[in-house]
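J.: missing the sequence, but the structure's below:
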């Protein structure tokens with residue numbers, strides 16, 4: 001809310017692709033997290049992010065980005081649009097993540113259908129960040145108090161300069 005950007009959320013877009021409302025639950029548990037639906041979701045997010053950037057709007061793409069190939073698509077888009085790109089890497093213990101997923105599921109006021117089985121699968125699929133990705137990363141430990149204002153300030157600052165602008169200028173000289 002503190003960053004001037006459109007917030008694209010994978011859980012919402014995943015539901016839209018499946019013809020569901022944001023808080024509507026899928027009839028088949030875990031079905032929305034298949035490889036095929038996930039790829040469709042990332043493509044939808046990429047298309048929407050491209051549209052936002054082409055209109056001069058900042059964009060935050062909120063997704064797990066477990067696979068390097070998906071992260072690369074968005075980094076390449078930012079580079080092509082000469083737009084700033086940062087990765088927010090949120091971390092917490094597996095136990096705390098499980099607790100949060102169970103609580104969110106019980107409350108039922110979130111678009112995510114992920115349960116502990118989906119979480120376990122996601123944790124098995126995480127691909128480590130590359131060197132380039134690490135250089136774009138802001139690490140946030142969610143087991144500690146989060147200074148939202150400081151993170152928002154870092155993101156807002158990043159939106160005024162692109163790490164790819166210097167690369168492009170250097171390559172042209």
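T.: Structure's in. What do you need? Nothing here was measured: the structure is a model prediction, and the numbers come from that model.
J.: give me the residues contacting the host helix or strand of residue 134.
T.: For residue 134, the enclosing helix or strand under DSSP states H and E is helix 131-135. Applying C-beta atoms under 8 Å, 6 or more residues apart in numbering, the contact partners of helix 131-135 are 68, 71, 75, 87, 163. Bear in mind the C-beta positions are built from the backbone N, C-alpha and C, glycine included.
J.: and with 7 Å instead?
T.: Residues outside helix 131-135 that contact it (C-beta atoms under 7 Å, 6 or more residues apart in numbering): 71, 87.
J.: and the helix or strand that that helix is followed by, what other elements does it pack with?
T.: Next helix or strand after helix 131-135 toward the C-terminus (DSSP H and E): strand 137-141. Applying 3 or more C-beta pairs under 7 Å, 6 or more residues apart in numbering; DSSP states H and E, one finds that strand 137-141 makes contact with strand 87-91, helix 148-158.
J.: distance between the longest one and the chain's centre?
T.: For helix 148-158, the distance from its own C-alpha centre to the chain's C-alpha centre is 16 Å (C-alpha atoms, centre = their mean, to the nearest Å).
J.: got the angle for that helix vs strand 87-91?
T.: Between helix 148-158 and strand 87-91, the angle comes out at 160 degrees (axes from the mean of the first three to the mean of the last three C-alpha atoms, to 10 degrees).
J.: residues touching helix 148-158, excluding its own?
T.: Helix 148-158 is contacted from outside by 2, 3, 4, 84, 86, 138, 140, using C-beta under 7 Å, 6+ apart.
J.: how about the shortest one?
T.: Among residues not part of strand 87-91, those counted as contacts by C-beta under 7 Å, 6+ apart are 133, 136, 137, 138, 139, 140, 141, 142.
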